[in-house]
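1. Predicted model and sequence follow; I will ask about them next.
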Amino acid sequence: MPMTNPPRALVSQWNDVWLLAGVRTPFVDYTQAFSLISPIDLGIKAAREVFARSGLSPEDVGTVIAASMAQTSYDAYLLPRHIGLYAGVPTHVPAQLVQRVCGSGIEIIGHAADTLALGRASLALCTGAESMSRNPIAAYTHRSGFRLGAPVEFKDFLWEALMDPAVDTNMGGTAENLARRYDIRRSEVDAYAARSFERALAAQSSGFLAGEICPVKNETFEVKGLRPRSLRLTGKEMLVERDTHIRPTSLETLAKIRPAFGGVQTGGNSSAIVDGAAAALVGSGEFVKRHKITPLARIVAAAAVGVPPEVMGIGPVSAIRALLAATGLKLAKIDRIEINEAFGAQVLACVRELGIDEARLNVNGGAIALGHPLGATGVRLVFTLARELQRAGARYGIASACIGGGQGIAMLLERA
């Protein structure tokens, strides 16, 4: 059943806004080396590193915009502010948190582009950070105490947050709905997942992924006038330099994993649960010229749309169509496409609906192999895409993601 175009989409276009730099921590399997680290500290690490690698000064930042989903530390309210302050951004510069679920990382780059286009700032720090390991076991109904015989409602937030009560379906169930709608078989989903691992392994072996990763070790962040913050790895790990979920994964191995949602999706062909952070710097054309910077890419446009919640994974289709309609481009002109691999069947549904050439899709692997730290993923998608456009000498690329609750988001880049 084809998906029709939405009657409206939230679209922004920019003429002179640039992606200057990006970096991320390794993405580490949950409950492993990053399991006790606050996402604030992961975000600080990524933010500090993006300044160190780019040679740009945090003193020039005019706005800090952060993305994070679950509140996984007691100081979670302060996440964007503390990332900025401990990255060296001046005290007078404001910070904000943006939440569009799995699209949050792309959204904050769009927010930065809007801010710069309006002349409110000339340089923005965008940071996404997520600790899946620290998602709490939570209760929301016991503030006034426990009544005799009443149920105790502590639940696993990481699992319960996957449920969309509006349609009584969890996120995996929405992928199963798409598999049925597009007649996607388990063997196809496993084959797609095997290719994601294969491409990620190749990108890791070639050093492509290392070019965007900052190694993480035990570290203390000190800023004059502020109490020090510490980043401490779990267990015997002294240094983490690589994504830990990437591994040789055969089709035969994937085929043996039991279904997770009663259909084609399994733990092997769905996005990996990982901890990590990513940071990017977005600058105005005037800032680029004044500082004689060679940017990674021009940020051309972005679109956010709503889709039916029960098939939320089709969101990239409507968002990409909205982008193409707004810019007058045809899909054939898009050299590289990143669609976040929330679920293998979800990506394949988008491929079929849009008619995407898979040779141009997620060419360095995706979240099935690398993992999906919710708030950080979109930032990674955008600067990984920009780096790939540079590597391939290609012109246009789109980064996109489906969004729980029934949304889609996409961003168009042009190689600088």
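-> Thanks, I have it. All values reported here derive from a predicted model rather than from experimental measurement.
2. From now on I want contacts and neighbour counts done on CA atoms only, so please keep to that.
-> Will do.
3. From Leu201, how far off is Asn99?
-> Wrong residue type there; residue 99 is Gln, not Asn. Distance of Gln99 to Leu201, given as Cα to Cα, to the nearest Å: 31 Å.
4. what's the spacing between the closest residue to Thr244 other than its chain neighbours and Arg336?
-> Excluding the flanking residues, the one nearest Thr244 by Cα to Cα, 6 or more residues apart in numbering is Val28, at 5.2 Å. Here Val28 is placed at a distance of 26 Å from Arg336 (Cα to Cα).
5. do Val305 as well
-> 21 Å.
6. Could you do Leu413 as well?
-> Distance from Leu413 to Arg336, by Cα to Cα: 10 Å.
7. Quick check: neighbours shared by those two?
-> Common neighbours of Leu413 and Arg336, counting by Cα atoms under 8 Å, 6 or more residues apart in numbering, are 396-398.
8. neighbour-wise, which of Gln99 and Leu201 wins?
-> Neighbours were counted for Gln99 and for Leu201 using other Cα atoms under 10 Å; Leu201 has more, 21 against 15.
9. what sits against the more buried one?
-> 246-248, 365.
10. Helix, strand, or coil at it?
-> Leu201 falls in the helix class when you classify it by DSSP: H, G, I helix; E, B strand; the rest coil.
11. quick one: buried residues of the helix or strand hosting Val288?
-> Per DSSP states H and E: Val288 is located in helix 285-291. For helix 285-291, the neighbour count (16 or more other Cα atoms under 10 Å) marks 285, 287-288 as buried.
12. What of stretch 180-195?
-> 182, 184, 186, 189-195.
13. Just want to check the distance between Ala87 and Phe261.
-> Distance from Ala87 to Phe261, by Cα to Cα: 41 Å.
14. can you map out the strands along the stretch 301-416 of the chain?
-> 336-339, 396-403, 407-415 (DSSP state E, counting those that start in this stretch).
15. Reformat the ones you listed into JSON lines and put mean pLDDT, distance to Thr169 and mean neighbour count next to each item.
-> JSON lines is the format used below for these (pLDDT from 0 to 100; distance: least, Cα to Cα, whole Å; neighbours: other Cα atoms under 10 Å):
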{"stretch": "strand 336-339", "mean pLDDT": "98", "distance to Thr169": "22", "mean neighbour count": "25"}
{"stretch": "strand 396-403", "mean pLDDT": "98", "distance to Thr169": "14", "mean neighbour count": "28"}
{"stretch": "strand 407-415", "mean pLDDT": "98", "distance to Thr169": "15", "mean neighbour count": "27"}
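16. any chance of those in CSV, plus distance to Glu310?
-> Below are these laid out as CSV (distance: least, Cα to Cα, whole Å):
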stretch, distance to Glu310
strand 336-339, 19
strand 396-403, 11
strand 407-415, 11
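17. of all these, which lies closest to Ala325?
-> strand 407-415 (11.9 Å; Cα to Cα).
18. Can you pull out the low-pLDDT segments for the stretch 101-250 of the chain?
-> For the stretch 101-250 of the chain, no stretch is flagged by pLDDT under 70.
19. rewinding a little: and the shared contacts of Leu413 and Arg336, which is closest to Thr91?
-> So of these, ranked by how close each gets to Thr91 (Cα to Cα), first place is Ile398, at 34.7 Å.
20. Now for that closest one: which residues touch it?
-> 320, 334, 336-338, 385, 410-413.
21. Same check on Ala277?
-> With Cα under 8 Å, 6+ apart, Ala277 has these contacts: 24-27, 39, 42-43, 46, 127-130, 373, 375-376.
22. Could you tell me which of these count as buried?
-> Judged by 16+ other Cα under 10 Å, buried ones among the contacts of Ala277: 24-27, 39, 42-43, 46, 127-130, 373, 375-376.
23. Which of those residues fall in helices?
-> 39, 42-43, 46, 375-376 (DSSP state H).
24. check contacts around the residue of the chain positioned farthest from its centre.
-> Farthest-out residue of the chain from its mean C-alpha position, per Cα atoms, centre = their mean: Leu148, at 43.9 Å. Taking Cα under 8 Å, 6+ apart, we find Leu148 in contact with no residue.
25. SS state for it?
-> Assignment for Leu148 (three-state DSSP): coil.
26. Over to Gly22?
-> strand.
27. from memory it sits against Phe51, does it?
-> No: judged on Cα atoms under 8 Å, Gly22 makes no contact with Phe51 at a distance of 9.2 Å.
28. Compare those two (neighbour count), which wins?
-> When Gly22 and Phe51 are compared for neighbours, Gly22 comes out ahead with 31 against 21, by other Cα under 10 Å.
29. Which parts of the stretch 51-200 of the chain are strands?
-> 63-67, 95-98, 123-130, 137-138, 155-156, 163-164, 169-170.
30. Report all helices and strands that the helix holding Val288 contacts.
-> strand 17-24 (3 or more Cα pairs under 8 Å, 6 or more residues apart in numbering; DSSP states H and E).
31. before we move on, back to that, of all pairs in the contacts of Ile398, which one is the farthest apart?
-> Ile320 and Leu385 (15.0 Å).
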